[in-house]
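**Student:** Output the structure for:
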Amino acid sequence: MRLTALVFYPQSPFRGEITTNTLFGAICWGIRKFYGGGELKNFLKSYEEKDYPFLFSSPLPLDSEGNLWFFRPPLEGSIFDDSDEGNLKETYPVSKAFKKVSLIEWKILEKILKGEIKTERDLFEEILNRASQNGKKPKNSQDLAEVIKEYTKRSPKLKDTTLTVKTPINRLTNTAKEGELHNEEVNVYNPFAVLFKVYTENWFEKIKTALKVVRLGGNKTVGLGRFEFEEKKEVIPEGLENFINKGERIYLLSPTIPSDLIDAENSFYEIKLERSAVDRSIGYFDPNFLKLPVWKKTVAYLKEGSVLKLKKPSEFVGGLKETLRVGNSKIYAYGLGFGLTFKC
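**Tutor:** Residues are numbered from 1 along each chain as shown. This next block holds a predicted model:
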């Protein structure tokens, strides 16, 4: 197994969010389009048999210097001790600002994985220490809140939203009615990286080819979802490779479908539900187009940033879940966990 990264450079807005499931769907369509349906069946069979060719993370934002930032994991405790809890006027602004911290630098995450940062208080103090090294020494609760806000502002944004003007198109007649313009919200992504654990080089080379012939997300036929990418291992922070072996306690870099391997009572996680639309863009000229399904089944995921305790050491957690069957074809949701192992 080797660790690498693909850096994506968006060339247009996107309809919907780019998730691991979006990427997996694009990879599958790309394999089918470039290599044929038989090769797609072989690809999916490797996952069905748990002979995984690769695992990959959620999109990770890059700052202006090209450094990766990571999802903030849930930790134990509070940033204030019992003596502070009664002073709401002092503690509330700080707690509110700290709650909005969603991304952290690798150096901070590394300390968490090593056990040097174990609680919310430890994380809070680490952020303050890094601010003090930059010449900012908070003197009161207002200063503390401002330091945390500055840290949040310094973290990179994965995406912004904007509005685009659209007109409804009748796909059967390829016509649009006059005066039926409306606004639609789209996502404008900044460059981002996706980490890969590669187990089968042949498949990894094929998916790089497959990604060159597809787009991501919805409304691809009207110009959305365009991107370029390159393999760029140098964006991976120094030292991260030390945390990619199997273990009993892992930090998730991708949404993961729950499995019996997870000790839920001793894990810290947040659940999200995802219901994806069926990609029907290749079926517009199919006589049964109107009968094609619109939605897949809803899937529950453990969110990125979750900290899982496993019942036994494992390199793999989660899996694929069948969300739709059309004739003899199966459609899957991707929910394999890309984990970093705690060293404590």
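**Student:** got any ranges where the stretch 1-150 of the chain has weak pLDDT?
**Tutor:** Along the stretch 1-150 of the chain, segments meeting pLDDT under 70 span 81-89, 133-139.
**Student:** residue boundaries of the strands in it?
**Tutor:** Here the stretch 1-150 of the chain has its strands, by DSSP state E, counting those that start in this stretch, at 2-10, 54-56, 60-61, 69-71, 103-105.
**Student:** May I see those arranged in TSV, with distance to Thr152 as well?
**Tutor:** Every C-beta, even on glycine, is put in place using the N, C-alpha and C of the backbone. Formatted as TSV, the entries for the strands of the stretch 1-150 of the chain read as follows, by distance: least, Cβ to Cβ, whole Å:
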stretch	distance to Thr152
strand 2-10	23
strand 54-56	27
strand 60-61	13
strand 69-71	11
strand 103-105	8
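**Student:** Quick one: closest of the ones you listed to Leu211.
**Tutor:** Judged by Cβ to Cβ, the one of the strands of the stretch 1-150 of the chain that comes nearest to Leu211 is strand 2-10, at 7.9 Å.
**Student:** starting at the chain centroid, how far to the closest one?
**Tutor:** Its chain's C-alpha centre lies 13 Å from the corresponding centre of strand 2-10 when counted by Cα atoms, centre = their mean, to the nearest Å.
**Student:** Next: stretch 228-247.
**Tutor:** On Cα atoms, centre = their mean, the centre of stretch 228-247 falls 15 Å from the chain's centre.
**Student:** what's the first-to-last distance across stretch 206-215?
**Tutor:** Across its full length, stretch 206-215 reaches 16 Å between end residues, using Cα to Cα, to the nearest Å.
**Student:** So which residues make contact with it?
**Tutor:** Surrounding stretch 206-215, the residues in contact under the criterion Cβ atoms under 8 Å, 6 or more residues apart in numbering are 6, 26-27, 29-31, 33-35, 39, 43, 54, 224-227, 229, 231.
**Student:** from what I can see Met1 touches Phe196, true?
**Tutor:** No: no contact is recorded between Met1 and Phe196 when judged using Cβ atoms under 8 Å, the distance being 9.9 Å.
**Student:** more neighbours, those two?
**Tutor:** Of the pair Met1 and Phe196, Phe196 is the one with more neighbours under other Cβ atoms under 10 Å, namely 23 against 13.
**Student:** Quick check: what element follows the one helix or strand the more buried one maps to along the chain?
**Tutor:** When elements are assigned from DSSP states H and E, Phe196 belongs to strand 192-198. Beyond strand 192-198 in the direction of the C-terminus, DSSP H and E gives the next helix or strand as helix 201-210.
**Student:** Buried residues in that following helix, which are they?
**Tutor:** Under the neighbour-count criterion of 16 or more other Cβ atoms under 10 Å, helix 201-210 has 203-204, 206-208, 210 buried.
**Student:** go on, stretch 120-130?
**Tutor:** Applying a neighbour-count criterion of 16+ other Cβ under 10 Å, one finds 120-124, 126-128 buried in stretch 120-130.
**Student:** Same question for stretch 99-109.
**Tutor:** Of the residues in stretch 99-109, those buried under the neighbour-count criterion (16+ other Cβ under 10 Å) are 101, 103-106, 108-109.
**Student:** and what of stretch 156-167?
**Tutor:** Of the residues in stretch 156-167, those scored as buried under the neighbour-count criterion (16+ other Cβ under 10 Å) are 156, 158-159, 164.
**Student:** coming back round to it: nearest to Tyr334 among the buried residues of helix 201-210?
**Tutor:** Minimum distance to Tyr334 across these is 12.5 Å, recorded for Ile207 (Cβ to Cβ).
**Student:** Please determine how far the closest one is located from Thr119.
**Tutor:** Look at Ile207 and Thr119: by Cβ to Cβ, to the nearest Å, they are 40 Å apart.
**Student:** Can you pull the phi/psi pair for the residue nearest to the spatial centre of the chain?
**Tutor:** Centroid-nearest residue in the chain, with Cα atoms, centre = their mean: Ser58, separated by 2.6 Å. Ser58 adopts backbone torsions of phi -70, psi 160, taken as degrees, to the nearest 10.
**Student:** pretty sure it is touching Glu304, no?
**Tutor:** Yes: A contact is recorded between Ser58 and Glu304 when judged using Cβ under 8 Å, the distance being 4.9 Å.
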